[in-house]
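> Quick one, fold the following:
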Amino acid sequence: PLVGAVGVVALIGLVVAGLRAAAVWEPGARWRTLLAQAGRRTVLDPAGSFLLMAGPAVAAVSAWFAAPLAIPVLGAVAAAAVAVEERYRHR
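Here you go, the predicted structure:
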C-alpha cells in the first residue's frame, strides 16, 4: 500500500509538472529544461499545483458523467495551466 501511494503521488506530480511545462512552452524550447523548471515551480507553488491537480480530476468526473463534456473540460484545464503560470510569474 505504501509503494502504491507513493506511486500515485509521483504520478500526480508528473502530471502537474507536465501541465506547467506545456503552459510555458514556446517554439524552440527544450522539453528537458521546461520540465526541470516546471518541477521546481510545482514544489515552490503548492497552491497552483493543487489547482492543477483538481483540473484533471474535474475532467475525469465530467467524462464519467457525460463523455462529450470531456473535450471542453480539457480546454479549461489547459487554460487553467496557463493562468496558474501567469499567476506564479506575477508573484
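> Residues in contact with the lengthiest helix in the chain: which ones?
The residue-count maximum for a helix in the chain (DSSP state H) belongs to helix 2-23. Contacts with helix 2-23, where a contact means C-beta atoms under 8 Å, 6 or more residues apart in numbering, come from 31, 34-35, 37-39, 41-42, 48-49, 52-53, 55-56, 77-78, 81-82, 84-85. (Each C-beta comes from the backbone N, C-alpha and C, glycine too.)
> at 7 Å what do you get?
Applying C-beta atoms under 7 Å, 6 or more residues apart in numbering, the contact partners of helix 2-23 are 31, 34-35, 38-39, 41-42, 49, 52-53, 56, 81-82, 85.
> What is the most widely separated pair among the residues you listed?
31 and 53 (21.3 Å; C-beta to C-beta).
> what about those two, which has more around it?
residue 53 (16 against 12; other C-beta atoms under 10 Å).
> Give me the pLDDT value at the more buried one.
Looking at residue 53, its pLDDT reads 89.
> With residue 39 instead?
pLDDT, residue 39: 92.
> re the thing from before, mean confidence for the longest helix of the chain?
Averaged over helix 2-23, pLDDT sits at 92.
> Which helix or strand lies directly C-terminal to it?
Counting by DSSP states H and E, the next helix or strand C-terminal to helix 2-23 is helix 31-44.
> Pull that following helix out as PDB, backbone CA atoms only.
Extracted in PDB, the C-alpha atoms of helix 31-44 (Å, rounded to 0.1, in the frame of the first residue of the first chain):
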ATOM      1  CA  TRP A  31      11.400  19.900 -23.000                       C
ATOM      2  CA  ARG A  32      14.100  18.800 -20.600                       C
ATOM      3  CA  THR A  33      14.700  22.300 -19.500                       C
ATOM      4  CA  LEU A  34      10.900  23.100 -19.400                       C
ATOM      5  CA  LEU A  35      10.200  20.000 -17.300                       C
ATOM      6  CA  ALA A  36      13.100  20.800 -14.800                       C
ATOM      7  CA  GLN A  37      11.800  24.300 -14.300                       C
ATOM      8  CA  ALA A  38       8.200  23.100 -14.000                       C
ATOM      9  CA  GLY A  39       9.200  20.600 -11.400                       C
ATOM     10  CA  ARG A  40      10.700  23.400  -9.300                       C
ATOM     11  CA  ARG A  41       7.600  25.500  -9.700                       C
ATOM     12  CA  THR A  42       5.400  22.500  -8.800                       C
ATOM     13  CA  VAL A  43       7.100  22.300  -5.400                       C
ATOM     14  CA  LEU A  44       7.500  26.100  -4.800                       C
END
